[in-house]
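**Student:** Sequence plus the predicted model coming up.
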Amino acid sequence: MPTEMPRRHYSLMTLQNIVATWSERKRVRWQLKQMSKDNPHLIDDIGLTGQQFEEEIAKPFWQA
């Protein structure tokens, strides 16, 4: 039985990391979308083409 606890803990940590990653992706994509509305010239400044930008903000949060 003692070997099960670290495995369960690891699984919980993995789940927490996945949720944190998804949350960060959602936040970054939302910020990009806002940036395109407020300061569209900044999209060029960060090195994205219009097509790259559109592809990035269209991705669901679970996609890298």
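**Tutor:** Looks like it arrived, so ask away.
**Student:** which residues in the protein form helices?
**Tutor:** 4-38, 41-45, 50-58 (DSSP state H).
**Student:** Next, the angle from the last one to helix 4-38.
**Tutor:** Between helix 50-58 and helix 4-38, the angle formed by their directions is 130 degrees, by axes from the mean of the first three to the mean of the last three Cα atoms, to 10 degrees.
**Student:** CA atoms only for helix 50-58, dumped as PDB, please.
**Tutor:** C-alpha atoms of helix 50-58 as PDB (Å, rounded to 0.1, in the frame of the first residue of the first chain):
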ATOM      1  CA  GLY A  50      -1.300  38.000 -39.400                       C
ATOM      2  CA  GLN A  51      -1.900  34.400 -40.300                       C
ATOM      3  CA  GLN A  52       0.200  33.100 -37.400                       C
ATOM      4  CA  PHE A  53      -1.700  35.400 -35.100                       C
ATOM      5  CA  GLU A  54      -5.100  34.200 -36.300                       C
ATOM      6  CA  GLU A  55      -4.000  30.600 -36.000                       C
ATOM      7  CA  GLU A  56      -2.800  31.100 -32.500                       C
ATOM      8  CA  ILE A  57      -5.900  32.700 -31.100                       C
ATOM      9  CA  ALA A  58      -8.100  30.200 -32.900                       C
END
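**Student:** Against which helices or strands is that helix packed?
**Tutor:** helix 4-38 (3 or more Cβ pairs under 8 Å, 6 or more residues apart in numbering; DSSP states H and E). No exception for glycine: its C-beta is placed from N, CA and C like everyone else's.
**Student:** What helices and strands are in contact with the helix it packs on?
**Tutor:** By 3+ Cβ pairs under 8 Å, 6+ apart, helix 4-38 packs against helix 41-45, helix 50-58.
**Student:** Point out where this structure drops to low pLDDT.
**Tutor:** Where the chain drops to pLDDT under 70, the residues are 1-10.
**Student:** circling back to that earlier point, which of the helices and strands packed on helix 4-38 sits closest to Gln16?
**Tutor:** Judged by Cβ to Cβ, the one of the helices and strands packed on helix 4-38 that comes nearest to Gln16 is helix 50-58, at 24.7 Å.
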